[in-house]
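Undergrad: turn this into a structure:
(one chain, ligands or ions: 1)
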Amino acid sequence: MSGNGQKYDLDFLGGRRLRRPRMTGWSRDLVRENVLTPGDLIWPIFVIEGQNEQQPVKTMPGVSRMSIDLAVEAAKAARAEGIPAVALFPNTAADKRSEDGKEALNRDNLVCRALSAIKDAVPEIGLVADVALDPYTTHGHDGVMAGEEILNDETVEILTRQALVQAQSGADVIAPSDMMDGRIGAIRAVLDGEGLERTIVLSYAAKYASAFYGPFRDAVGSGARLRGSKLTYQMDPANAEDAIREVEQDLAEGADWIMVKPGMPYLDICRLIKDRFDVPVFAYQVSGEYAMIAIAAEAGAIDREAAMAESLMAFKRAGCSGILTYFALEMARKLNG
Ligand code: PBG
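TA: Predicted coordinates for the structure are as follows:
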């Protein structure tokens, strides 16, 4: 009935009422097009030196850096909730950072020790290792520099050795996030040459130069150090065709899986790649995306759990096989009731 009591003629609907299946919970359950399970989640963990050490990351309420012993416990908890894999990111001590980031090649560095400790204690969880030099360089860039330039080929050579020590320490998945040209092929060749043909390469193929990495850079201690910007290697947020070229190239070089990063502002890129290539696509819901939800929830602006769940479902709808998210454990617990 309209305001004046007159009944509108809705014949033009032809009997189609799209609200009908939304009217009850059971009916919504039946026609839901996507599901999110703990098996879709990869949990990024920040690692620090020490014993029983936990440091909250101020810009990421609810996230802490953890010493290796606690990271082992975290990995156990994650696996118990059905999370298939964790991704490790070290906060390297200041005295171990250098212009060339050579600590990345130390078989006994923080992330390598964390990889082997988790591999020993929780062999049933997948271990993802980030390949890039930014946690190890004094200038905060993912590669080595000459003047203001990030050198491509020299960096690739170092990254292949970084990937190798990580794989030898127990990494199941090597995830280059550095955006140098040619690193996927070079890393694949080195891994295969060392008998590591089972190691998966997950390429951060479409990684954008984004403002949403801010809290991560705090967490690994590279933010305050960063000299200049990453615009000469990470992608321009205005570009989509460039993402197709990156993915094409990385697949040709031997990437097993593809990542898009950040996540929420780039769901169109996830879908574009999924429709174009027959390959598993992952998205990284990055630190700034986590912070937006966590801090808005703290301020009472949105409901944390509901926003978390909705944001993660969006990745499934966009065609992603899995999502790297700081919400992983919390989301898995919620899904498991
Ligand atoms: C660096 C790297 C970054 C992230 C993962 N690996 C930051 C950057 O490129 O500066 C960001 C992840 C996040 O923001 O959660 N190789």
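
Undergrad: near the ligand, which residues of this structure are found?
TA: With CB under 6 Å from any ligand atom as the criterion, the chain comes near the ligand at residues 130, 132, 134, 142, 177-178, 213, 216-217, 230, 286-287. To be clear about C-beta, it is placed using only N, CA and C from the backbone, and glycine gets the same treatment.

Undergrad: mind putting those residues into JSON lines with secondary structure and neighbour count?
TA: As requested, the residues of the chain next to the ligand are exported to JSON lines (DSSP: H, G, I helix; E, B strand; the rest coil; neighbours: other CB atoms under 10 Å):
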{"residue": "Asp130", "secondary structure": "strand", "neighbour count": "25"}
{"residue": "Ala132", "secondary structure": "coil", "neighbour count": "27"}
{"residue": "Asp134", "secondary structure": "coil", "neighbour count": "28"}
{"residue": "Asp142", "secondary structure": "coil", "neighbour count": "26"}
{"residue": "Ser177", "secondary structure": "coil", "neighbour count": "19"}
{"residue": "Asp178", "secondary structure": "coil", "neighbour count": "25"}
{"residue": "Tyr213", "secondary structure": "helix", "neighbour count": "26"}
{"residue": "Phe216", "secondary structure": "helix", "neighbour count": "25"}
{"residue": "Arg217", "secondary structure": "helix", "neighbour count": "19"}
{"residue": "Lys230", "secondary structure": "coil", "neighbour count": "21"}
{"residue": "Val286", "secondary structure": "coil", "neighbour count": "26"}
{"residue": "Ser287", "secondary structure": "helix", "neighbour count": "25"}
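
Undergrad: where's the dip in pLDDT among these?
TA: Of all those, Arg217 carries the smallest pLDDT score, 92.

Undergrad: what about Ala296, which helix or strand?
TA: Element membership for Ala296 (DSSP states H and E) is helix 287-298.

Undergrad: for that helix, which positions count as buried?
TA: 287-295, 297 (16 or more other CB atoms under 10 Å).

Undergrad: quick check: buried residues in the helix or strand following that helix?
TA: Using DSSP H and E, the next helix or strand after helix 287-298 towards the C-terminus is helix 304-317. Across helix 304-317, burial judged by 16+ other CB under 10 Å covers 304, 307-309, 311-316.

Undergrad: and Gln55, how many neighbours does it have?
TA: Gln55: 14 surrounding residues under other CB atoms under 10 Å.

Undergrad: what mean pLDDT does the helix or strand harbouring it get?
TA: Using DSSP H and E, Gln55 maps to strand 54-56. In this model, strand 54-56 has a mean pLDDT of 97.

Undergrad: hmm, back to that, and of the buried residues of helix 304-317, the nearest to Asp40?
TA: Lys316 (6.7 Å; CB to CB).

Undergrad: got a list of what that closest one touches?
TA: By CB atoms under 8 Å, 6 or more residues apart in numbering, the contact list for Lys316 reads 34-36, 40.

Undergrad: what's the answer for Gly322, then?
TA: 40-42, 84, 280, 282-283.

Undergrad: how far away is it from Ile295?
TA: 25 Å (CB to CB, to the nearest Å).

Undergrad: where do the strands of the stretch 201-337 of the chain begin and end?
TA: Under the criterion DSSP state E, counting those that start in this stretch, the stretch 201-337 of the chain carries strands at the ranges 257-261, 281-285, 322-325.

Undergrad: gap between the last one and the chain center?
TA: Meaning strand 322-325. Computed by CA atoms, centre = their mean, to the nearest Å, the separation of strand 322-325 from the middle of its chain amounts to 6 Å.
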